[in-house]
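please work out how this folds:
(one chain, ligands or ions: 2)
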Amino acid sequence: MTSITMQRVTVLGSTGSIGTSTLDVIARHPDRYQVHALTAHTSKEALLNQCLRFRPAVAVLDSEDDAHWLRTELGRARQPTKVMVGPQALCDVARDAHVDIVMAAIVGAAGLLPSLAAAEAGKRVLLANKEALVMGGALFMQAVARSGATLLPIDSEHNAIFQCLPPEHRGGLARHGISQLLLTASGGPFRTWSEAAIAQVTPEQACAHPNWSMGRKISVDSATLMNKGLELIEACWLFDARPDQIQVVVHPQSVIHSMAAYQDGSVLAQMGNPDMRTPIAYGLAWPERIHAGVEALDLFQVARLDFEAADEARFPCLPLAREAMRIGGLSPVVLNAANEVAVEAFLNHRLDFLGIGQLVEEVLSLSINGPADCLESILWADQRARQRADGWLERWSA
Ligand code: NAD
Ligand code: MG
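Ligands and ions are numbered 1, 2, ... in the order given. Coordinates of the predicted model:
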């Protein structure tokens, strides 16, 4: 029998959808994984419960008040978890020398700095936070190369492609005999709706995804297909691909999680039930395979697999993202920032569903650009795009 060395894990965004699925997989393998740090933004009760169960050395919250509350509760339970506060603490627990694996599962731009800290520190980085790559793809990939970090994509499509590629796949697709990456999309809850019906959708409808249970931001992104656009950008960075080498394939059953097409005509696909614990377990144990608690795929129950092209007229966020990546530089940063503002406004009933694409298009057209070669420029473009998006929203609601 081979001996297993205990791996220490930081879960950034542990109270979210990916975070809780990660802890579910970790709990199945107490002989392999020990939790070093857990972090949340404001969900202090959920974080307390996770601390009582997983006994991390460190817990991080965003505000001093919440941290004070958590310290008091943990003290009452006689648990010695240290409670830290704020964005700097997120970076500290990501780069801590005690940590082997970092699950980067904070949502949005807030995940960029801690994900980057994990990459710079040479950790095994399980990257769910796609916005980090959309914003800082060049910096992130350079940090991975420099530090020798192991980068494992957790987004199900990218995890699928990773599984379908040769182990060494950097240096461009053609070098490895790959002709195209086929990025599957469920099409979201409004795939078959008319534009008139889409114009009326509510946040609750947008967050009710047909196949996946996810956080609210990514659920809205899935409904607008911006999620697929962000994933296209993510795939370009992860696999050294150009946007025109990636084809989006709408596949409503979400059983094939993505594919790689080779020059000899072979197409390799990764399949499974739509459950994020599969890519999470893959990332934790790679190159080994471990139980994830996921039900086995029953092909007779699936019965059929359908494929269709994405309707880019009804879902303009997808072509907007492709165009932002084609332009390059800070454009994807601007796209991401405008989208975050738009999605939040939609969730707060300040913007209608079709307004999301309109706002993103408007802010992208303001040509906030330049190279995305340093953190300062990226954070500047992110802030500026948010200001412009806020300004547009004020005019829109006036
Ligand atoms: P979620 O909203 O369920 O959870 C987000 C987590 O991040 C929570 O723990 C929250 O406390 C924390 N957080 C939020 N804002 C923060 C801030 N400003 N500072 C620090 N922490 C903050 O989101 P999710 O669905 O788990 O998604 C997480 C990431 O994974 C996203 O980038 C998403 O695109 C990606 N992803 C998710 C899925 C999925 O199935 N949920 C699939 C693929 C990729
Ligand atoms: Mg995905």
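
correct me, but Asp66 touches Lys44?
Yes - between Asp66 and Lys44 there is a contact under CB atoms under 8 Å: 4.6 Å. Just so you know, the C-beta spots here come from the backbone N, C-alpha and C atoms, and that holds for glycine as well.

the two - which one has more neighbours?
Lys44 (22 against 19; other CB atoms under 10 Å).

near ligand 1, which residues of the stretch 251-398 of the chain?
Neighbours of ligand 1 within the stretch 251-398 of the chain, by CB under 6 Å from any ligand atom: Met276.

count the residues that sit near the closest residue to ligand 2 within the stretch 251-398 of the chain.
Closest approach of the stretch 251-398 of the chain to ligand 2 (CB to the ion) occurs at His257, with a separation of 8.2 Å. Counted with other CB under 10 Å, the neighbours of His257 add up to 24.

next: Trp396.
Each residue near Trp396 was counted by other CB under 10 Å, and the total is 15.

who's in contact with whichever residue of the stretch 151-300 of the chain sits closest to ligand 2?
Evaluated by CB to the ion, the stretch 151-300 of the chain has Asp155 as its residue closest to ligand 2, separated by 4.2 Å. Counting by CB atoms under 8 Å, 6 or more residues apart in numbering, Asp155 touches Leu127, Ala128, Lys130, Glu231, Glu234, Pro279.

the last one: what secondary structure?
Following DSSP: H, G, I helix; E, B strand; the rest coil, Pro279 is assigned to helix.

may I ask you to confirm that it is in contact with Ile161?
No - taking CB under 8 Å as the definition, Pro279 is not a contact partner of Ile161, at 10.9 Å.

mutual contacts of those two, please.
Shared contacts of Pro279 and Ile161, defined by CB under 8 Å, 6+ apart, are found at Pro153.

how about the residues of the stretch 101-250 of the chain by ligand 2?
Within reach of ligand 2 by CB under 5 Å from the ion, the stretch 101-250 of the chain has these residues: Asp155, Ser156, Glu157.

quick one: pLDDT of the last one?
According to the model's per-residue confidence, Glu157 sits at a pLDDT of 98.

kindly provide the distance from it to Met276.
Separation of Glu157 from Met276 (CB to CB, to the nearest Å): 12 Å.

hmm, back to that, check contacts around the residue of the stretch 251-398 of the chain closest to ligand 2.
Applying CB under 8 Å, 6+ apart to His257 gives the contacts Ser156, Glu157, Asn159, Ala160, Thr184, Ala269, Gln270, Met271, Gly272, Pro274, Pro279.

redo these as a markdown table? Include secondary structure and distance to Glu323.
Output for the contacts of His257, formatted as a markdown table (DSSP: H, G, I helix; E, B strand; the rest coil; distance: CB to CB, whole Å):
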| residue | secondary structure | distance to Glu323 |
| --- | --- | --- |
| Ser156 | helix | 25 |
| Glu157 | helix | 20 |
| Asn159 | helix | 26 |
| Ala160 | helix | 25 |
| Thr184 | strand | 21 |
| Ala269 | strand | 28 |
| Gln270 | strand | 28 |
| Met271 | strand | 31 |
| Gly272 | coil | 32 |
| Pro274 | coil | 29 |
| Pro279 | helix | 28 |
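
please parse the protein into its domains.
Listed by automatic domain parsing, the domain ranges of the chain are 7-153, 155-316, 328-398.

from the ones you listed, which stretch is densest packed?
domain 7-153 (a mean of 21; mean count of other CB atoms under 10 Å).

so how far is that domain off the chain centroid?
14 Å (CA atoms, centre = their mean, to the nearest Å).

re earlier: restrict the residues of the stretch 101-250 of the chain next to ligand 2 to contacts with ligand 1.
Within the set of these, contact with ligand 1 (CB under 6 Å from any ligand atom) is found for Asp155.

does the residue nearest to Glu312 when sequence neighbours are not counted count as helix, strand or coil?
With sequence-adjacent residues excluded and distances taken as CB to CB, 6 or more residues apart in numbering, Glu312 is closest to Pro319, at 4.8 Å. For Pro319, the secondary structure call by three-state DSSP comes out as helix.

please tell me how far Ile4 sits from ligand 1.
In this structure, Ile4 and ligand 1 are separated by 27 Å, where distance is defined by CB to the nearest ligand atom, to the nearest Å.

next one: His176
His176 sits 25 Å away from ligand 1 when distances are taken as CB to the nearest ligand atom.

wait, isn't that residue in contact with Cys164?
No - taking contacts as CB under 8 Å, His176 lies outside contact range of Cys164: 11.0 Å.

in helices, which of the contacts of Asp155 appear?
Using DSSP state H, the members of the contacts of Asp155 that fall in helices are Lys130, Glu231, Glu234, Pro279.

now for the nearest residue in space to the last one that is not next to it in sequence: which residues touch it?
What sits nearest to Pro279 in space, not counting adjacent residues and going by CB to CB, 6+ apart, is Asn159, at 3.6 Å. With contacts defined as CB under 8 Å, 6+ apart, the neighbours of Asn159 are Leu152, Pro153, His257, Gln270, Thr278, Pro279, Tyr282, Gly283.

using the three-state scheme, assign the third one.
Classification of His257 into helix, strand or coil gives strand, according to three-state DSSP.

picking that back up, now the residue of the stretch 251-398 of the chain closest to ligand 2. Nearest residue, chain neighbours left out?
Sequence neighbours aside, Ala160 is the residue nearest to His257 in space, at 3.6 Å (criterion: CB to CB, 6+ apart).

repeat for Asp100
Of all residues not flanking Asp100 in the chain, Gln7 sits nearest, at 4.5 Å (CB to CB, 6+ apart).

low-confidence ranges, the chain, go.
Within the chain, the ranges that satisfy pLDDT under 70 run 1-3.

backbone phi and psi for the residue of it found nearest ligand 1, please?
Scanning the chain for proximity to ligand 1 using CB to the nearest ligand atom identifies Gly16 as nearest, at 1.9 Å. Backbone geometry at Gly16, expressed as degrees, to the nearest 10, gives phi -80, psi -170.

start the count at 68, not 1, going forward
In the new count, where the first residue is 68, that last one comes out as Gly83.
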